[in-house]
Structure formats: structure tokens, C-alpha cells
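Engineer: any chance you could fold what I've pasted below:
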Amino acid sequence: MRYYFLPFCACIMWISFSGCSKDTGRPSDLPKLFPCRITITQNEQPLPEAVVTLKSMDSGAKYATSSGITDENGLVAPNTYSYKGVPVGKYKVTVKKTVEEGGTEVSTGPGTTRISGAKVYSLIKKEFTNEITTPLTIEITEGENTETLDVGASARDFIYTTQ
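Structural biologist: This next block holds a predicted model:
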């Protein structure tokens with residue numbers, strides 16, 4: 001059983017961080033960020049290695065997305081782009097975790113391979129993976145923010161087969 005979410009997370013984080021360089025420093029228009037620690041559970045058990053995204057419910061928010069990956073205890077401390085913390089506001093919370101099964105390793109060049117023909121399944125119910133349908137919300141206030149959110153029973157929904 002291989003976990004498929006790591007390449008997905010790396011891609012999302014690269015897209016989120018592109019254009020943000022340590023050389024440019026913190027953007028002057030970045031609002032003050034506050035510590036946020038969210039524990040994600042599934043059936044009241046910690047959910048490790050899940051991608052958690054906070055999407056601002058304020059359509060005019062310039063820095064509208066914060067995200068992170070849960071640790072072995074289901075705990076995530078979301079960042080806004082590459083900066084620790086989350087701006088004040090109300091957010092929809094999505095949770096994603098996938099698993100990849102089967103398939104065959106295929107060489108794509110010297111020293112590189114990929115898996116072809118693997119089936120990818122979501123381990124989270126579909127409603128929690130979409131910012132429109134998720135019932136999970138959080139309000140970030142000034143100071144420390146701590147919340148526990150549960151995604152209910154585990155799922156095993158087929159998403160796609162790798163090429």
C-alpha cells in the first residue's frame with residue numbers, strides 16, 4: 001500500500017509558494033498571522049498524513065488559503081504561504097488523504113520511475129474534500145487558536161488509475 005498524497009502535496013505547496021522567495025522577505029501587505037493548531041480525527045482517532053487546507057470565507061481576502069499536513073497525532077499547524085500562522089477570519093476546512101494500490105513501476109528516464117496502472121482511492125468522504133461541500137469550518141481570532149475536527153467514518157472511494 002503506497003500513499004499517494006505526498007507528490008500531490010509537494011505540487012500544491014510548490015504552486016502556493018511560487019513567486020514567494022526568501023530573498024524578498026515578508027510581503028508588506030501580508031496580514032498579521034496567528035498560531036493555529038488543528039487536530040484532525042477520523043472516527044475520533046487521529047488522522048496522520050492528511051492534507052488540510054483552510055480557505056477563507058471572505059471572497060475579498062488576498063491571502064485566502066492556508067494549509068499543512070497532519071503529523072502522526074493528526075495535528076497540523078497551517079501556514080499561509082511560507083509563513084507560520086493564519087490571518088484572522090472564518091475558513092472552510094478541507095481534508096484529503098489518498099492511498100495508491102497496485103500498478104507497475106515504469107522507468108521514465110535515468111534513475112526515475114513512476115507507477116503506472118495503480119488505483120488511487122480517497123480515504124476521506126467526498127464531502128470533506130471540497131471547499132463547497134465541507135461542513136468543517138474554523139474561525140481564527142487574535143491569539144492562540146486550537147480546534148479538533150472529525151471527518152467521520154473512513155472511506156475508500158476510487159478516484160482514478162495512474163497512467
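
Engineer: which residue of this structure sits farthest from its center?
Structural biologist: Each residue of the chain has a distance to the centre, and by C-alpha atoms, centre = their mean the biggest one is for Pro110: 31.2 Å.

Engineer: that one: what's it in contact with?
Structural biologist: Contacts here follow C-beta atoms under 8 Å, 6 or more residues apart in numbering; on that basis Pro110 touches nothing. Bear in mind the C-beta positions are built from the backbone N, C-alpha and C, glycine included.

Engineer: same deal with Val86?
Structural biologist: By C-beta under 8 Å, 6+ apart, the residues touching Val86 are 33-34, 36, 54, 66, 78, 80, 140, 145.

Engineer: quick check: the residue farthest from the centre of the chain vs Gln163, distance?
Structural biologist: Summarising the geometry, the distance separating Pro110 from Gln163, computed by C-beta to C-beta, to the nearest Å, is 21 Å.

Engineer: what of Gly74?
Structural biologist: Look at Gly74 and Gln163: by C-beta to C-beta, they are 32 Å apart.

Engineer: one more: Ser154?
Structural biologist: The value you get for Ser154 to Gln163, if C-beta to C-beta is used, is 27 Å.
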